[in-house]
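Colleague: Mind looking at a prediction? Sequence and model below.
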Amino acid sequence: MKPLSPSHRSAIAPFMAMDVLRDAKALERAGRSIIHLELGEPGVAAPRRVRDAAAESLRHGVIGYGEALGDAKLRARIARHYGERYGVDAPPDRVIVTTGSSGGFLLAFLAAFDSGARIAVAAPGYPAYANILSALGLEPVLLDVGEETRFAPTAAILEAAHRDKKLHGALFMSPANPTGAMIARDELARICAFCEEAGIIFVSDEIYHGLEYEMRAETALRFSHRSLVINSFSKYYAMTGWRLGWLVAPSELMRPLERLQQSLAICAPTLSQRAALAAFDASGELEANRAAYERNRAFLLDSLPRLGLDKYAPPDGAFYIYADVSRFTDDSIAFCRRMLHEAGVATTPGLDFDPRRGAKTLRISYAGPEAEVREGVARLEAWLKV
């Protein structure tokens, strides 16, 4: 019998951070001690209020299907959040609750773009963007960003790409993965203005909002109600495995989004939605988490130059440092593999985020416990012999 042939749309690049995690877990099962600096995942549990709300919901019985657009109370609370944090009006009827930010991207891309549309994304950038776009028959257009713009995309870069060949959409993240770089408020306003002028649909990934250290993050909704804004309970709210996010969209896309959600997911997880209502009342615990990340960040910024890692993107927010390792290698995949097997430290090769220039970079996550970050640095110092 002839073997099955995978579809062309499935021929996307692997998510290397997950491959590193798989290999690291295999070493741990074999008895090795591994320091995890590879995953962008908070090293803490969801807030106690969230866990208590989930337990209370379970005690009351049925956890059934919910409405496709999301629980009405949660949608209203998310809308209220925009008023409280940004002073921006985001009506509940423009909010849809999604299965993580990943579900939000799927819905947004399907609702806003037809097959063949060209979508600008920054490089270095989150690898799943290009992978999802490609799998859906859309064309990711990589815009190189670097030191000259503090690793943040600009309206000028976007305009030049559009002038070269028409773009249909743009997707930017601030604070960014893997760099931690943020788009300044005035630049975000220029990006939104250019997108409206050029008829480009702007998708703003704001999942690291709340995790800022140098300046305050701004939402694209302040400058454009035609933008699609995606956020998540995964990062600041430390609810990665609860698989819950949200999307704020223009009113004309809400019914198409609802139809897509009905067929692709039915609804976001009901238990997670009930619990997430409590996340907005857990600011004390959440800010303590942010302060711990900030301490890890300060420790790394003080320690990495001693290890020969003195060139990196400005870590304005999120919980990553994107470092230049060209002093040591021009093959970040092999370098990270050796680091894992020889030093017991897991990091993510830069080629995961930048297929053109990532062979000389890697990403270090400082989202884990402080003791683990410090032990990771100690192991790297011994391994690099600096």
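Modeller: Received the coordinates, thanks.
Colleague: only C-alpha atoms for contact and neighbour calcs from this point on.
Modeller: Noted.
Colleague: where along this protein do the helices fall?
Modeller: Chain-ordered helices for the chain, with DSSP state H as the definition, fall at 16-29, 48-59, 72-86, 100-112, 127-135, 155-164, 185-198, 254-264, 270-276, 283-303, 332-338, 370-384.
Colleague: Any idea which of those gets closest to Tyr320?
Modeller: Among those, helix 283-303 comes nearest to Tyr320, with 8.2 Å by Cα to Cα.
Colleague: List the buried residues in stretch 24-41.
Modeller: By neighbour count with 16 or more other Cα atoms under 10 Å, stretch 24-41 contains the buried residues 24-25, 27, 34-41.
Colleague: Check stretch 37-57 too.
Modeller: Quick answer for stretch 37-57 (16+ other Cα under 10 Å): 37-43, 46-47, 49-51, 53-54, 57.
Colleague: about what we covered before: from the buried residues of stretch 24-41, which land in strands?
Modeller: The members of those that map onto strands under DSSP state E are 35-36.
Colleague: I'd like to know which elements the worst-scoring helix or strand of the chain on mean pLDDT is packed against.
Modeller: Least confident element among the helices and strands of the chain, by mean pLDDT, DSSP states H and E: helix 16-29 (a mean of 89). When contacts are defined as 3 or more Cα pairs under 8 Å, 6 or more residues apart in numbering; DSSP states H and E, helix 16-29 sits against strand 345-346, strand 348-349.
Colleague: what do you get if the cut-off is 7 Å, keeping everything else the same?
Modeller: In terms of contacts (3 or more Cα pairs under 7 Å, 6 or more residues apart in numbering; DSSP states H and E), helix 16-29 is packed against strand 348-349.
Colleague: quick revisit: what does the least confident helix or strand of the chain rub up against?
Modeller: 34, 38-39, 346, 348, 352 (Cα atoms under 7 Å, 6 or more residues apart in numbering).
Colleague: if we can go back for a sec, tell me which of the buried residues of stretch 24-41 is nearest to Glu197?
Modeller: Out of the buried residues of stretch 24-41, the member with the shortest distance to Glu197 (by Cα to Cα) is Gly40, at 34.9 Å.
Colleague: Quick check: the gap between the closest one and Tyr366.
Modeller: Distance, Gly40 to Tyr366, by Cα to Cα, to the nearest Å: 8 Å.
Colleague: Kindly report the same for Ser115.
Modeller: On the measure of Cα to Cα, Ser115 and Tyr366 end up 38 Å apart.
Colleague: where does the protein dip in pLDDT?
Modeller: 386 (pLDDT under 70).
Colleague: Domains in it, by residue range?
Modeller: 10-45+283-384, 48-281 (automatic domain parsing).
Colleague: would you list the ones you listed in a markdown table and tack on distance to Met1?
Modeller: Formatted as a markdown table, those follow (distance: least, Cα to Cα, whole Å):
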| stretch | distance to Met1 |
| --- | --- |
| domain 10-45+283-384 | 22 |
| domain 48-281 | 27 |
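Colleague: give me phi/psi at the residue nearest to Asn131 when sequence neighbours are not counted?
Modeller: Closest residue to Asn131 apart from its sequence neighbours, by Cα to Cα, 6 or more residues apart in numbering: Ile12 at 5.6 Å. Phi and psi for Ile12, reported as degrees, to the nearest 10, are phi -110, psi 160.
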